[in-house]
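Student: kindly return the folded structure for what I paste below:
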Amino acid sequence: MQKPVALAAVAVALASVVLLGACTSPAPSRSGVPPTGTLPTGIPTTAPNDGGPVKPVGTPKVIATGFDVPWSMLRLSTGSTLVSERQTTLVKEVEADGRVRVVGKVPGVVPNGEGGLLGLATKPGDERWLYVDLSTAKDNRVVRIQLNGTAGSYWLGEKQTLLTGLPTAGNHDGGRLKFGPDGDLYVTAGDATNTERAQDLDYLGGKILRIEPDGSIPADNPFPNSPIWSYGHRNPQGIAWDSTGRMWAAEFGQDTWDELNIITPGKNYGWPIVEGKARDSRFVNPVLQWRTADASPSGLLYTHGTLFLAALRGERLWAIYPSASPVAAVPWFTGTYGRIRDVIDGPPGTIWILTNNTARGTPKPDDDQILQVRLGPLS
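Tutor: Residues are numbered from 1 along each chain as shown. Next up, the predicted model:
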C-alpha cells in the first residue's frame, strides 16, 4: 500500500529520532531500542497514588498452556480468568489453580483473518454480563452474554446485541473492549483496510467508540448521536486509564511507526494522512512511537504508575513510565516468549501476559500460554 506524501515526509524527517524519545542512558542498541530490561535514568521511583512505578522481577511462571490463537484475557473477582480464542470462538476459564475448562462457544462468530472472537470485558462490580467484540459474516459488533455460574462452573446464557455496523475484514479489526472510569464501554475499531475512511465520521472504522452498558449512545459523546469518541486511527488494540483519569491507546502503524497516544474526545489522530509524529496542528501527536518491528502493539495495562504494553511482532513486553519527563519505555523478555497479545493484572504483586504464537509465530509444544510476572519497585 502506497503511503500518502505527508506520511512519507514525516517518516524521513523522523528517521534519526530515537524510538522512545525518552531514554538518554544507557546508549541504545543498533536498532535504537535499549537492551531488554535496561532502565534509563530520570524515571521517578515513586508515583502519586499508585505505589509505583514498578518493573518485572525474576523469571515468569507458567500458569496455563495449550491455547489456540488466544486474543483477550479478563480477570474476574472470583479469581478465575476468562480467555477468548479468535478462531475456535471459545471462551475458556482459567481457574485459580491453573486448570483450564471451556465456558462455551460464542454463537454467530465468523472468523476471518484477524477477525473472529476478540475482546472481552465485564463492568466493574457487575459480572452478570460478559461483553464481547466479535466478527460476523457482514460486520464486527459488540454483544453481551449472560455469564452464569461461578468459579469453576461458568457457562454462557442469553445474548444481546449492543452495537452493529463496525467494518470487518481480514485485517485491522481492532477489537479491544474496556470499561472506563466513567462506567461506559470503550471499543477499538480498526479501519478494516478501508484506509481513507478513518477520517470519515460517518464510518465506524478507524475509531475509538464509547457506548453505555446497554448499547445506547452517551449524551456527552463529542459527536451528536454517534458512538465515536476519537478518530483517525489505523488499528488500535490497547486502551487503559492512568490514576489521573487520562485515557491511553496503543495503535498499529503501517510500515513506519506504531503509536502510544493520550486520547482526548473528539480529536483526530491523523491516519492515514500521517503516521507517527507530525508537525500538523490538525492532528494529535503520539506520546511515544516505535518502529513496527519493535512493537506491533496489542493489549495495554496501567498498574502501579506503569503502563505495560504487549508487543506482537516485537516479541516483548514494554514497561512505560508516564511520570518520567519525557515519558520513558523499557523492553522486557525480548524474543523469549514470542508474540505477546495481551497483559492484565494478576494476583496481587503480579501481571499476566498472554502469548500469541499459534496465530502467526513459531509455536512451541506448550503454546499458547499465560505467564505470571512478578513486579517490584524501581528503587
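Student: switch to C-alpha atoms for all contacts and neighbour counts from now on
Tutor: Noted.
Student: skipping its backbone neighbours, what lies nearest residue 42 in space?
Tutor: Sequence neighbours aside, residue 324 is the residue nearest to residue 42 in space, at 6.5 Å (criterion: CA to CA, 6 or more residues apart in numbering).
Student: make sure the one you found is indeed in a helix.
Tutor: No: assessed with DSSP: H, G, I helix; E, B strand; the rest coil, residue 324 is coil; it does not lie in a helix.
Student: so who does it touch?
Tutor: Residues counted as contacts of residue 324 (CA atoms under 8 Å, 6 or more residues apart in numbering) are 42, 43, 44.
Student: in these, which has the lowest confidence score?
Tutor: Here the lowest pLDDT out of the contacts of residue 324 sits on residue 42, with 80.
Student: need the three-state assignment for that one.
Tutor: Three-state assignment for residue 42 (three-state DSSP): coil.
Student: how close does it sit to residue 329?
Tutor: Taking CA to CA, to the nearest Å as the measure, residue 42 and residue 329 are separated by 12 Å.
Student: higher neighbour count, the two?
Tutor: Neighbour tally, residue 42 and residue 329, criterion other CA atoms under 10 Å: the higher count belongs to residue 329, 29 against 16.
Student: what's the local residue count around the nearest residue to residue 123 once chain neighbours are set aside?
Tutor: In space, and not counting its chain neighbours, residue 123 is closest to residue 179: 6.2 Å by CA to CA, 6+ apart. By other CA under 10 Å, the residues close to residue 179 number 22.
Student: before we move on, what about residue 137?
Tutor: Residue 137 has 13 nearby residues by other CA under 10 Å.
Student: which residues does the spatially most central residue of the chain contact?
Tutor: Nearest to the geometric centre of the chain sits residue 238, at 2.0 Å (CA atoms, centre = their mean). Going by CA under 8 Å, 6+ apart, residue 238 touches 176, 188, 248, 249, 250, 251, 297, 298, 299, 300, 301, 309.
Student: doesn't residue 263 make contact with the third one?
Tutor: Meaning residue 248. Yes: using CA atoms under 8 Å, residue 248 is in contact with residue 263, at 5.8 Å.
Student: the more surrounded of those two?
Tutor: residue 263 (23 against 20).
Student: not counting sequence-adjacent ones, nearest residue to that one?
Tutor: The nearest residue in space to residue 263 (CA to CA, 6+ apart) is residue 247, at 5.3 Å.
Student: and the one you found, what's its pLDDT?
Tutor: Residue 247 carries a pLDDT value of 98.
Student: swap in residue 279?
Tutor: Looking at residue 279, its pLDDT reads 84.
Student: what does the one 5 residues further on give?
Tutor: pLDDT, the model's per-residue confidence, is 98 for residue 284.
Student: ok, residue 178 next?
Tutor: Residue 178 is given a pLDDT of 98.
Student: with the one 10 residues further on instead?
Tutor: The predicted local distance difference test score for residue 188 is 98.
Student: neighbours of it, how many?
Tutor: Residue 188: 31 surrounding residues under other CA under 10 Å.
Student: correct me, but residue 160 touches residue 141?
Tutor: No: contact criterion CA under 8 Å: residue 160 and residue 141 do not qualify, at 10.9 Å.
Student: who has more neighbours, these two?
Tutor: Between residue 160 and residue 141, residue 141 has the larger neighbour count (other CA under 10 Å), namely 22 against 15.
Student: show me what the more buried one is bridged to.
Tutor: Beta-bridge pairing for residue 141 (DSSP bridges): residue 134.
Student: show me the contacts for it.
Tutor: 133, 134, 135, 161, 162, 163, 164, 165, 166.
Student: returning to what we had before: got the contacts of residue 324 as CSV, with distance to residue 117 columns?
Tutor: Listed next are these as CSV, based on distance: CA to CA, whole Å:
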residue, distance to residue 117
42, 41
43, 38
44, 39
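Student: between these, which is nearest residue 364?
Tutor: The nearest member of the contacts of residue 324 to residue 364, counting by CA to CA, is residue 43 at 35.9 Å.
Student: OK, contacts around that closest one?
Tutor: 321, 323, 324, 325, 328.
Student: surely the last one touches residue 308?
Tutor: It refers to residue 328. No: the pair residue 328 / residue 308 is not scored as a contact, 11.8 Å apart, by CA under 8 Å.
Student: how far does stretch 184-194 stretch from start to finish?
Tutor: 27 Å.
Student: other residues contacting that stretch?
Tutor: So stretch 184-194 is contacted by 166-180, 197-198, 204-213, 233-238 (CA under 8 Å, 6+ apart).
Student: now the residues you listed: which count as buried?
Tutor: Among the contacts of stretch 184-194, those classed as buried by neighbour count (16 or more other CA atoms under 10 Å) are 166-169, 172-180, 197-198, 204-213, 233-238.
Student: next secondary structure after the lowest-mean-pLDDT helix or strand in the chain?
Tutor: Lowest on mean pLDDT, DSSP states H and E among the helices and strands of the chain sits helix 5-13, with a mean of 34. Next helix or strand after helix 5-13 toward the C-terminus (DSSP states H and E): strand 54-64.
Student: just the buried positions in that next one, please.
Tutor: Neighbour-count burial for strand 54-64 flags 54, 55, 56, 60, 63, 64 (criterion: 16+ other CA under 10 Å).
Student: again with stretch 219-237
Tutor: Residues of stretch 219-237 classed as buried under the neighbour-count rule (16+ other CA under 10 Å) are 221-222, 226-237.
Student: now swap in stretch 81-101 and tell me
Tutor: By neighbour count with 16+ other CA under 10 Å, stretch 81-101 contains the buried residues 81-95, 100.
Student: from residue 71, how far off is residue 175?
Tutor: From residue 175 to residue 71 the distance is 9 Å (CA to CA).
Student: from the chain's centroid, how far away is stretch 241-254?
Tutor: The chain centre lies 9 Å from the centre of stretch 241-254; the measure is CA atoms, centre = their mean, to the nearest Å.
Student: let me redo that: stretch 251-258
Tutor: That offset, for stretch 251-258, works out to 14 Å (CA atoms, centre = their mean).
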